[in-house]
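> Sequence and predicted structure, then a few things I'm wondering about:
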Amino acid sequence: MQVLRKAFKQPLSDVVTEFVACTHADAHLVKADLTGSIAHAQMLAEEGLISPSQGEAIEGGLNTLLAKAEAGKFELKVEYEDVHMNVEKQLEELIGSDALRLHTARSRNDQVALDLRLYTVGAIDALVDGLNFLQASILKSAKKHADIVMPGYTHLQRAQPVLYAHAILAFYEMFARDIERFNDCKKRTMVSPLGAGAQAGSGLSINPQSVAKKLGFPQVFSNSIDAVSDRDFAAEFLMACSLTAVHISQMAETLVIWSSSEFGFVELADNVTTTSSLMPHKKNPDPLEIARAKSGAVIGDLVNLLVTLKALPLGYNRDLQETKPPVINSAGIVGEALKVMACCVDAVTVNVEKTLAAASDPALMTTDLVEYLVNKGVPFRKAHETIAEIVADASENGVPLPDMEIEKYQGYAAEFGNDLYELFNPKLSVTAKKSHGSTGVAEVKKKL
Ligand code: ARG
């Protein structure tokens, strides 16, 4: 920084000036910084630390700068190092010497902590909106394809028939937990650090509680040293971002698989597919693949932040400046990915024939056969074994399960009757499921 250097004999070298500046990240914090400064100035006036007219001049100037920032016209100069000094300098240009009183009882250490908290609260609200938006698309898709039956998978091997709505709503639940996580993190983010000063607090009669109240923060810091160094909220935020990114990635991968020719369960509309520069027939799910990949950058941001914090000595350290880019980067990536995922879900059409054909594989109904025997009083483990033997028999003799004669079934268990053949129907299989949270038609309807 080329200002505040009266105690120095040399200017800061150019290469160092560039290196220590954070104007790039701070371009995202201008509104937060001005909002925090307005609250601080109001408190200073209330407490008599500046006169009412000085308070008015400062607040008026800060509001002018806020309008400038909102119009995208607030420029940050590298030689002033960060948003705080840039604001102070522009305020001085605007209102003159009254600006010199704004930094009373404040340090950039508590100021930057507040700015990042304000930014994070805004990011949380935007991401929760994005998650709600994606959930709405999922719900719409589930309702649109409410009756479609498809195979459910374990180990990516066909397991049992499920409703498409049930499968897609699994992602709805993941995103619901993500919303809870963000809102929980928000509670610990809305703690105002302003008034902690550089790390020891202030000898002036400031009122940190009043600043917190003006900012809508329910809590104020309780230890000034902790207040300037605490970035736990940022770590929690990035953890929540990472988990959301992982859920996005899992959903993207699932849709990529379902849309492949091998599965053919869903088709993606042309507005979300791209083609090959060589193969004219290709319709590729690029947005889903990129959403799948972006989770790497978000997880990287979390690791970046944790490694920056690890082993920092107590108090403010300049390393903390490096906690801003990962937060800003991930907030942007996850916000965009949520929008793209909603767009892709809206573009899904489920193929009724292909899903039904795959779900009609008789192997998917073996659990229903087991439950059939259990209902007739056969112990579960015995019933499981019996059906396993029947499956092996059918496969050795090349006879599909629905074509095996009743005598053959009865040779394995006397409890079998002709009604067993009704079980080879995937729609019946999902209708029969009645337990809580299952794929049962009634359960899914309740959920929808
Ligand atoms: N630019 C710094 C940051 O982003 C602000 C605090 C600087 N404090 C200091 N004493 N150099 O963290």
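Structure received.
> what packs against the lengthiest helix in the chain?
The residue-count maximum for a helix in the chain (DSSP state H) belongs to helix 108-144. Secondary-structure packing of helix 108-144 (3 or more CB pairs under 8 Å, 6 or more residues apart in numbering; DSSP states H and E): helix 30-46, helix 83-95, helix 164-189, strand 191-192, helix 224-229, helix 232-259, helix 324-346. Yep, even glycine has a C-beta here, placed from its N, CA and C like the rest.
> quick one: low-confidence parts of the stretch 1-150 of the chain?
Scanning the stretch 1-150 of the chain for pLDDT under 70 picks out 1.
> Find the closest residue to the ligand in the stretch 301-448 of the chain.
Q321 (3.7 Å; CB to the nearest ligand atom).
> Give me the number of neighbouring residues for that residue.
Using other CB atoms under 10 Å, Q321 is surrounded by 19 other residues.
> can you pull the pLDDT of it?
Note on Q321: pLDDT of 98.
> ok, back up a step: Serialize the helices and strands packed on helix 108-144 to TSV and add fields for mean neighbour count and distance to the ligand.
Formatted as TSV, these follow (neighbours: other CB atoms under 10 Å; distance: least, CB to the nearest ligand atom, whole Å):
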stretch	mean neighbour count	distance to the ligand
helix 30-46	23	10
helix 83-95	20	6
helix 164-189	19	17
strand 191-192	24	17
helix 224-229	21	9
helix 232-259	22	12
helix 324-346	21	6
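> Flag every residue of the stretch 51-200 of the chain that's near the ligand.
For the stretch 51-200 of the chain, the residues in contact with the ligand under the definition CB under 6 Å from any ligand atom are 82, 108-109, 112.
> Following element in sequence after the longest helix of the chain, please.
Downstream of helix 108-144, the next assigned helix or strand under DSSP states H and E is strand 149-154.
> can you pull the buried residues of that next one?
For strand 149-154, burial by neighbour count (16 or more other CB atoms under 10 Å) applies to 149-152.
> ok, so of those, who is nearest the ligand?
Lowest distance from the ligand to the buried residues of strand 149-154 (CB to the nearest ligand atom) belongs to G152, with 49.5 Å.
> okay, now the closest residue to that closest one other than its chain neighbours: neighbour count?
Spatial nearest neighbour of G152, excluding adjacent residues (CB to CB, 6 or more residues apart in numbering): V162 at 3.6 Å. By other CB under 10 Å, 25 other residues sit near V162.
> neighbour-wise, which of the residues of the stretch 51-200 of the chain next to the ligand leads?
Going by other CB under 10 Å, V112 tops those with 26 neighbours.
> For that residue, which residues are in contact?
82, 84, 320-321, 324 (CB atoms under 8 Å, 6 or more residues apart in numbering).
> Pop the domain breakdown of the chain in here.
Here the domain parsing of the chain from automatic domain parsing is 14-104, 109-207+217-357, 361-424.
> In JSON lines, list these along with distance to L448.
Formatted as JSON lines, the domains of the chain follow (distance: least, CB to CB, whole Å):
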{"stretch": "domain 14-104", "distance to L448": "39"}
{"stretch": "domain 109-207+217-357", "distance to L448": "6"}
{"stretch": "domain 361-424", "distance to L448": "23"}
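> How are the strands of the stretch 251-400 of the chain distributed by residue range?
Counting by DSSP state E, counting those that start in this stretch, the stretch 251-400 of the chain has strands at residues 266-268, 348-350.
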